[in-house]
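**Student:** Mind looking at a prediction? Sequence and model below.
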Amino acid sequence: MAGSRKPNLVSIVQKALENGPVPADELLTTVHQAGLRWIDPGTLWEACATHGLADLRDGLWVPRGWAQAPAVPARHQESIEERAAAEATRLAMSLGLPAHEPLPPVGPMSPEWPEAARKAAAALRHELQAVSKRRVQTDIPLIAVAGATTPGGRLRRFEAQGEIGAAEGMPATLIANNQPFQVEIVSVFGSVVTLSTPSDMPTVTEATLRTDLSWLLTEQSRRLGELVHGGPGFDAVAALAVVTPPEVRGRVRPTTSISVKGLNAGQQAAVQLALTSGVTWLWGPPGTGKTTTVAALIAELCARKQRVLLAAPTNAALDVAIQALLKRQPSLADGALVRIGQPADPALTRRVLADEIAAMRGAPLAQRRVAAGSRLRECRNHLDALKQRELSRAEETARLRLETEIAELQVFVRELDGKLKQVRRQICREATVVAATAHQLSLETLKNLTFDVVVLDEASMTTAALAMLVAGAGSGHTVIAGDFRQLPPVVIADTPEAQDWLRRSPFEKAGIPHAVSERKDPPRLAALTKQYRMRQAIGDVVSTAFYDGRLSTAPGTAARTVRSRASWTKAELVIIDTTAMRSRTARRQGSLSRYNLAHAQLTASLTSTATATAADLGLITPFAPQARLLEALLPADHLEDWAASTVHRFQGGERDIVVYDTVDTGRGVSPLNRWFTEGNAGSEGARLLNVAASRARDHLMVIGALDALHERSAAFRDPVWTFFAHLIDTATPIPWQSAVSTGLTELIEDDDLITRLRDDIKRATTVDMWLPGSSLHAMPLLLAELTTIRADGPESEAVTIWVEPKPDGHLHLEALQARREGINIRPCLPILESSAILGDVVWSASNSLLAAAPGVVLRTEHRAFADAARRAQHRRPGAGAPSSGQHGHDCGRCGRMLIRYEQDRRGRTGLRYECSACGA
């Protein structure tokens with residue numbers, strides 16, 4: 001009910017009840033006669049309860065505080081709420097649930113806690129404001145991934161046709177067949193999103209994902225606000241400890257020694273330290289067995305009868321930890337381990353999923369809930385039918401009965417939903433290990449539940465604010481596990497509070513990285529230093545650049561069987577220097593992120609020659625638009641064992657072969673991204689490069705313009721500079737020309753250019769070109785072919801050619817000639833790319849493609865890649881400017897074509913549409 005209607009309804013009800021109790025049907029009739037025909041019994045009941053107006057007793061609305069004896073039997077009459085609560089409680093108690101949930105006492109407090117909680121809550125509000133300025137609610141078109149529905153129909157995979165800015169574990173709405181369904185985002189990898197959907201949702205090929213980006217921030221801020229002065233079961237001292245610099249006293253001496261099977265000496269020492277009370281900082285660089293160590297630790301804690309909360313920032317990271325734990329101690333799957341939420345890994349046993357366990361244990365409640373919901377829908381349908389006509393007296397009576405039943409059913413359904421939540425909470429209360437994503441600690445299922453030990457895995461990706469909420473569920477025995485040299489949490493707001501509490505993980509907030517850099521390791525820091533993932537050459541460059549030489553490679557990696565091969569994996573460390581290609585970096589309209597078409601074409605050649613021999617391959621890049629181009633190159637028969645995505649999505653994973661595309665060259669979009677120019681220890685650039693390189697097991701190939709990436713003075717000698725220096729000194733180089741000589745991409749010579757372009761245009765049904773600079777030398781030679789292509793309808797153009805006008809705003813002669821021939825010429829400034837998409841064929845050039853000297857020209861024929869490139873380079877409408885595939889406009893004053901400007905006058909990303917001569 002709209003907020004403006006409630007006061008009107010309240011006054012009507014108050015006046016109707018001023019002389020005492022009124023029958024339910026009479027009060028509803030009074031409301032309807034007052035003009036509020038849309039009010040049903042449920043809405044009326046909600047208004048009376050919310051505003052404390054009256055209680056519904058045996059068909060009578062009795063005013064609150066009514067002293068005079070109502071005209072009802074003297075015995076107490078149960079209200080709708082009381083009857084519904086009694087029935088739901090009876091069902092719950094038959095399942096062994098307590099009539100009232102036990103509430104733990106308020107946990108220990110710290111004098112510093114209220115101020116920390118307020119600052120963290122303020123940081124979350126700042127982030128919410130920043131997110132809201134961008135877009136709070138967003139709709140993302142989805143296309144179903146064929147054959148991706150899991151057994152049971154709950155998990156479904158879709159390819160997103162836009163960037164998903166939502167977090168894993170976040171609720172969303174899926175619009176399928178014009179119907180909304182409540183879903184949960186289980187995982188996002190590249191452009192593929194996995195959703196947990198209702199079992200009754202139909203199978204669809206297309207849908208729309210509607211997300212509210214503010215949801216998680218709001219919940220965390222609200223929870224911190226509730227806990228400013230402490231709360232039941234919340235240990236504020238434990239919460240504050242994970243963001244407080246640790247003591248620098250002598251080394252902690254465990255009281256008993258242990259021997260855990262399958263651990264090396266460093267891992268054994270880490271488990272032994274983490275078994276002692278207090279905060280243990282478990283630093284696990286890539287491949288050092290952090291997950292194995294965490295699993296062994298939790299197994300030891302379970303053996304000591306400790307109740308453990310295992311948390312991680314993402315579903316994928318949580319599933320990895322759970323699988324490692326179940327592998328070490330399978331008996332936990334018999335009810336001792338409970339996993340909250342839907343897993344990203346569909347192979348995870350159903351015996352540990354809270355929803356599955358609750359469905360079995362709460363079956364009687366669930367059955368009644370289904371029956372009540374079904375009856376509620378029937379009643380509403382009958383009532384809707386009655387509302388369509390004038391009613392007889394009998395039908396009016398039937399209507400009143402339906403409305404009364406609807407009110408009772410609404411209350412009963414709410415009570416049953418509450419008891420079903422209680423079943424979930426009771427399951428968690430009885431479990432030995434509860435596994436949940438970190439944000440679940442601010443939600444209802446785990447609220448006020450307490451644990452003996454809290455383990456937060458992948459804590460480097462968790463905000464300091466959220467880490468406090470997780471740690472506060474324990475008693476001070478906390479393990480913070482992760483790698484602070486890898487990716488930090490993602491934050492948009494740039495306020496000091498947001499940078500302090502959201503940009504920094506608990507590691508940074510507690511000063512652990514600074515202490516390590518100063519070679520002053522805290523006594524409760526357990527550092528794992530022997531890595532088993534990367535072969536020697538890869539491990540050496542990662543250790544030297546990012547871990548101060550601390551990492552050593554286990555001897556067994558050299559003898560490990562190589563499962564994946566390619567003709568270009570000539571060594572463990574390979575580099576393709578693209579400096580001489582002079583490829584251009586571009587950006588999607590309105591986006592700061594970047595892509596490089598020529599680099600993607602180079603990767604297309606590499607992957608096309610590896611499909612038969614590479615069993616496990618990853619294409620990684622720091623930029624989301626480039627990741628979507630690379631993802632389009634994945635062959636259909638390798639979708640399960642190959643992957644392409646951003647560095648952020650690859651954290652925690654590994655691949656036999658990794659191809660890392662740096663994208664940035666300094667040409668087109670300039671200057672270089674700060675990820676390559678600000679490479680100090682702890683910077684985002686160093687972390688991105690570290691994560692990308694350390695995903696590789698056997699072979700790492702880096703594609704980059706080394707002159708640009710390594711041109712900074714050697715005086716910097718920061719981790720990014722060190723990485724590229726080490727790469728230049730030790731990696732096996734492969735000329736870029738040889739990479740395209742045998743694969744999917746061709747190097748086109750100048751004397752063959754026009755002939756090949758003509759052939760491709762003749763076969764194409766659509767043509768899109770982006771031509772920077774002043775020279776359009778070859779355009780007249782293509783006009784005969786271009787003018788034969790016709791659009792399917794009058795609303796779009798099959799040919800769109802974007803050109804840069806002359807400094808005076810006029811088009812070049814070749815462009816004017818093409819326009820006179822009916823070609824859709826669109827002036828634009830600046831044009832960063834130099835490319836053409838001719839049907840299923842992608843062309844790129846280092847200079848303007850149709851110039852007298854086009855430079856390095858590459859051609860790739862690949863339908864999915866061409867579609868992805870077309871989406872990347874598509875111009876959207878805005879600021880009065882037509883989009884790609886539409887005609888431009890002429891100036892109403894001087895007749896020149898209006899120019900689409902994609903930068904503002906200060907050179908920043910922006911969009912305006914005007915005449916360069918008269919400013920119209």
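**Tutor:** Arrived safely, thanks for sending.
**Student:** C-alpha from now on. contacts and neighbour counts both.
**Tutor:** Will do.
**Student:** ok but residue 435 is inside a helix, no?
**Tutor:** No - Residue 435 is assigned strand when assessed by DSSP: H, G, I helix; E, B strand; the rest coil, not a helix.
**Student:** could you point out which element follows the helix or strand residue 657 falls within?
**Tutor:** Secondary structure assignment for residue 657, by DSSP states H and E: strand 655-661. Remark: after strand 655-661, the chain's next helix or strand is helix 674-677, criterion DSSP H and E.
**Student:** Could you look up the SS state of residue 37?
**Tutor:** coil.
**Student:** ok now do the residue nearest to it when sequence neighbours are not counted, which residues does it touch?
**Tutor:** Leaving aside its chain neighbours, residue 37 sits nearest to residue 31 (7.4 Å; criterion: C-alpha to C-alpha, 6 or more residues apart in numbering). Taking C-alpha atoms under 8 Å, 6 or more residues apart in numbering, we find residue 31 in contact with 9, 12, 13, 37, 39.
**Student:** how close does residue 31 sit to residue 10?
**Tutor:** 10 Å (C-alpha to C-alpha, to the nearest Å).
**Student:** So which elements touch the longest helix along the chain?
**Tutor:** Ordering each helix of the chain by length in residues (DSSP state H) puts helix 393-430 first. Here helix 393-430 touches helix 41-50, helix 80-94, helix 354-361, helix 363-386, going by 3 or more C-alpha pairs under 8 Å, 6 or more residues apart in numbering; DSSP states H and E.
**Student:** out of those, which comes closest to residue 144?
**Tutor:** helix 354-361 (24.9 Å; C-alpha to C-alpha).
**Student:** now that closest one, how far from the centre of its chain.
**Tutor:** 27 Å (C-alpha atoms, centre = their mean, to the nearest Å).
**Student:** contact partners of it?
**Tutor:** Contacts of helix 354-361 (C-alpha under 8 Å, 6+ apart): 95, 338-341, 350-351, 366, 420, 423-424, 427-428.
**Student:** Looking at the residues you listed, which is nearest residue 112?
**Tutor:** Using C-alpha to C-alpha, the contacts of helix 354-361 come closest to residue 112 at residue 428, 30.5 Å.
**Student:** is it true that the closest one touches residue 338?
**Tutor:** Yes - with contacts counted by C-alpha atoms under 8 Å, residue 428 reaches residue 338, the gap being 6.6 Å.
**Student:** what about the two, which has more around it?
**Tutor:** Per other C-alpha atoms under 10 Å, whichever of residue 428 and residue 338 has more neighbours is residue 338, with 30 against 25.
**Student:** quick one: the more buried one from residue 363, how far?
**Tutor:** From residue 338 to residue 363 the distance is 18 Å (C-alpha to C-alpha).
**Student:** Kindly report the same for residue 684.
**Tutor:** 49 Å.
**Student:** again with residue 764
**Tutor:** Distance, residue 764 to residue 363, by C-alpha to C-alpha: 59 Å.
**Student:** residues contacting the nearest residue to residue 792 once chain neighbours are set aside?
**Tutor:** Among residues not flanking residue 792 along the chain, residue 798 sits closest, at 7.7 Å (C-alpha to C-alpha, 6+ apart). For residue 798, the contacting residues are 765, 766, 767, 789, 790, 791, 792, 885, by C-alpha under 8 Å, 6+ apart.
**Student:** Buried among those residues? Need that as a selection in ChimeraX.
**Tutor:** Buried members of the contacts of residue 798 can be picked out in ChimeraX with the line below, counting by 16 or more other C-alpha atoms under 10 Å:
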select :765,766,767,789,885
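**Student:** Reformat the contacts of residue 798 as a markdown table; add distance to residue 188, secondary structure and pLDDT.
**Tutor:** Shown next, in a markdown table, are these (distance: C-alpha to C-alpha, whole Å; DSSP: H, G, I helix; E, B strand; the rest coil; pLDDT from 0 to 100):
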| residue | distance to residue 188 | secondary structure | pLDDT |
| --- | --- | --- | --- |
| 765 | 34 | coil | 93 |
| 766 | 32 | coil | 94 |
| 767 | 32 | strand | 96 |
| 789 | 39 | coil | 91 |
| 790 | 39 | coil | 84 |
| 791 | 36 | coil | 76 |
| 792 | 36 | coil | 73 |
| 885 | 31 | coil | 87 |
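**Student:** If we only consider the contacts of residue 798, which is nearest to residue 27?
**Tutor:** Using C-alpha to C-alpha, the contacts of residue 798 come closest to residue 27 at residue 885, 60.6 Å.
**Student:** Beyond the strand ranked longest in the chain, next helix or strand please.
**Tutor:** In terms of residue count, the longest strand belonging to the chain (DSSP state E) is strand 179-189. Using DSSP H and E, the helix or strand that follows strand 179-189 in sequence is strand 192-196.
**Student:** isn't residue 298 right next to residue 325, touching?
**Tutor:** Yes - using C-alpha under 8 Å, residue 298 and residue 325 qualify as a contacting pair, with a distance of 7.5 Å.
**Student:** neighbour-wise, which of those two wins?
**Tutor:** Neighbours per residue (other C-alpha under 10 Å) separate residue 298 from residue 325, with residue 298 holding more: 26 against 23.
**Student:** Distance check, the more buried one against residue 433.
**Tutor:** Counting by C-alpha to C-alpha - residue 298 and residue 433 are separated by 8 Å.
**Student:** Please identify every residue contacting each of these two.
**Tutor:** Common neighbours of residue 298 and residue 433 (C-alpha under 8 Å, 6+ apart) are residue 308.
**Student:** quick one on the thing from earlier: what subset of the contacts of residue 31 is buried?
**Tutor:** Buried, going by 16+ other C-alpha under 10 Å: 9, 12, 13, 39, out of these.
**Student:** what about the residue lying closest to residue 873 once chain neighbours are set aside, how many residues close to it?
**Tutor:** In this structure, residue 873 finds its nearest non-sequential neighbour in residue 588, 6.3 Å apart by C-alpha to C-alpha, 6+ apart. Per other C-alpha under 10 Å, the neighbour tally for residue 588 reads 16.
**Student:** What residues does residue 588 make contact with?
**Tutor:** Residue 588 makes contacts with 594, 595, 625, 872, 873, 874, as judged by C-alpha under 8 Å, 6+ apart.
**Student:** before we move on, the earlier item: and for residue 428 and residue 338, which residues touch both?
**Tutor:** With C-alpha under 8 Å, 6+ apart as the test, residue 428 and residue 338 both reach 354, 434.
**Student:** Now do the helix or strand containing residue 26: distance to the chain's middle.
**Tutor:** Element membership for residue 26 (DSSP H and E) is helix 24-33. Chain-centre distance of helix 24-33: 49 Å, with C-alpha atoms, centre = their mean.
**Student:** how about the CA coordinates for that helix, as PDB?
**Tutor:** These are the backbone C-alpha positions of helix 24-33, laid out as PDB (Å, rounded to 0.1, in the frame of the first residue of the first chain):
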ATOM      1  CA  ALA A  24     -14.700  -7.800  10.400                       C
ATOM      2  CA  ASP A  25     -17.000  -7.700   7.300                       C
ATOM      3  CA  GLU A  26     -18.600  -4.500   8.500                       C
ATOM      4  CA  LEU A  27     -15.300  -2.700   8.900                       C
ATOM      5  CA  LEU A  28     -14.100  -3.800   5.500                       C
ATOM      6  CA  THR A  29     -17.400  -2.600   3.900                       C
ATOM      7  CA  THR A  30     -17.000   0.800   5.700                       C
ATOM      8  CA  VAL A  31     -13.500   1.100   4.200                       C
ATOM      9  CA  HIS A  32     -14.700   0.200   0.700                       C
ATOM     10  CA  GLN A  33     -17.600   2.600   1.000                       C
END
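**Student:** Could you list the buried residues of it?
**Tutor:** 24, 25, 27, 28, 30, 31.
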